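Enquirer: Sequence and predicted structure, then a few things I'm wondering about:
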Amino acid sequence: MNNKKIIISLMVALGMVGATLGLSSVASADNPIPSTTSISPSLASVGSSSFIMTVNGSNFVPGSMVHFNGMARSTNYISPAQLTATILASDLNTAGTFSVTVVNSVPGGGTSNPQAFTVGNLAPTISSISPSAVASGSASFILTVNGANFMPGSVVHFNGMARSTNYISPAQLTATINAQDVVNSGWFNITAVNPGPGGGISNTQVLTVTGNNPVPTLSSISPNSAVAGGGGFTLTLYGAGFMQGSWVRFNGLARTTTFVSSNQLTAVIPAFDIATGGTYAVDVANPAPGGASSNAILFNVSSVTQTPGLPNTGFGSESKSLDWGAVMLAAMMAIGLLLSAIVMRRVWFAK
């Protein structure tokens, strides 16, 4: 009887030990190490407001915490595969790439692999520049650029070339424009560029450099003559100070002109310009500012000459068109007079 009690007591004791060990095993189960596969969104602009980030992965547990750049952020457990977290506006004050991880607490647990979150600079915009026009040949000067989204590190570009820039505020920059930038007249693009990440190039404002275009000079033309009534042709002009926008004038009238170089132009001379014999002035004009007309070279249009009293015979110094009908009539009249004289001579001798 005593033996049975002993056996029963041993079984109860062993059962209690087993139960205790089981409970201890359950209580000490380790949390898994989390893993992340993606985050959404994965980028924001500098200065953005706070927002909710979604973190996707596996092995998430109640109590998992999302960390932004190593700092825990308020986290909601959605499922073993998803969490959401509040990213603060203060997290977005500086451009850069920041690590997003998930941490599971002990026992076990650990830190997940990271996902990259980019806080990017904004693209700048320009609303105006001052001054917006300068004279060619000016000394270097300070250009003020007004707009938005400027930052330390913004750079003003003159015609695509970076210029020394001072950051004044998010709405203003100043830049040094060099004297060599404004040697020649023209229109030049002004832009601002913000560095990455993000950033980019602004819209364009135009700086006008005013100045005097050169006065052209004309040294020769080819050809320099033609025959009246000929067809149209291309005239080549040689000289200096030619430019895009130069035009050729024939007898004071502008003709279609092609710029070849600063020393050569070509112009289309239509047939009606040489329909009548004469001497015509050819010159070149450059547009304002500055510019003006070149010296003139004479173009000779020659025609067939005529002898006075004998129309259109092709002799003489008078310049007229040849009339073949009149020539034939004169010839027939001369032959008639000659025949009449011969007949009269025969009649005379017959008497």
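Expert: Yep, that arrived.

Enquirer: And the helices in the stretch 151-300 of the chain?
Expert: Counting by DSSP state H, counting those that start in this stretch, the stretch 151-300 of the chain has no helices at all.

Enquirer: so which strand or helix has residue 339?
Expert: helix 324-350 (DSSP states H and E).

Enquirer: what's the domain layout of this structure?
Expert: 35-120, 125-210, 217-302 (automatic domain parsing).

Enquirer: what distance separates the last one from the centre of its chain?
Expert: Per C-alpha atoms, centre = their mean, to the nearest Å, the displacement of domain 217-302 from the mean C-alpha position of its chain is 34 Å.

Enquirer: same deal with the first one?
Expert: For domain 35-120, the distance from its own C-alpha centre to the chain's C-alpha centre is 41 Å (C-alpha atoms, centre = their mean).

Enquirer: one step back: so can I have TSV of the domains of the chain showing mean pLDDT, distance to residue 332 and mean neighbour count?
Expert: (Each C-beta comes from the backbone N, C-alpha and C, glycine too.) TSV is the format used below for the domains of the chain (pLDDT from 0 to 100; distance: least, C-beta to C-beta, whole Å; neighbours: other C-beta atoms under 10 Å):
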stretch	mean pLDDT	distance to residue 332	mean neighbour count
domain 35-120	95	99	16
domain 125-210	93	70	16
domain 217-302	94	27	16
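
Enquirer: Out of those, the one nearest residue 333 is which?
Expert: Among those, domain 217-302 comes nearest to residue 333, with 28.3 Å by C-beta to C-beta.

Enquirer: List the contacts of residue 232.
Expert: 268-271, 273 (C-beta atoms under 8 Å, 6 or more residues apart in numbering).

Enquirer: Roughly how far does the closest residue to residue 267 other than its chain neighbours sit from residue 200?
Expert: Using C-beta to C-beta, 6 or more residues apart in numbering and skipping the chain neighbours, the partner closest in space to residue 267 is residue 248 (3.6 Å). Shown here: residue 248 relative to residue 200, a distance of 46 Å by C-beta to C-beta, to the nearest Å.

Enquirer: With residue 41 instead?
Expert: Residue 41 is 19 Å from residue 200, where distance means C-beta to C-beta.

Enquirer: Residue 262 now?
Expert: Taking C-beta to C-beta, one finds residue 262 at 38 Å from residue 200.

Enquirer: got it, and residue 227?
Expert: 64 Å.

Enquirer: hey, what's residue 158 bridged with?
Expert: Per DSSP bridges, the residues bridged to residue 158 are residue 161, residue 190.

Enquirer: cool, and residue 221?
Expert: Using DSSP bridges, the bridge partners assigned to residue 221 are residue 237.
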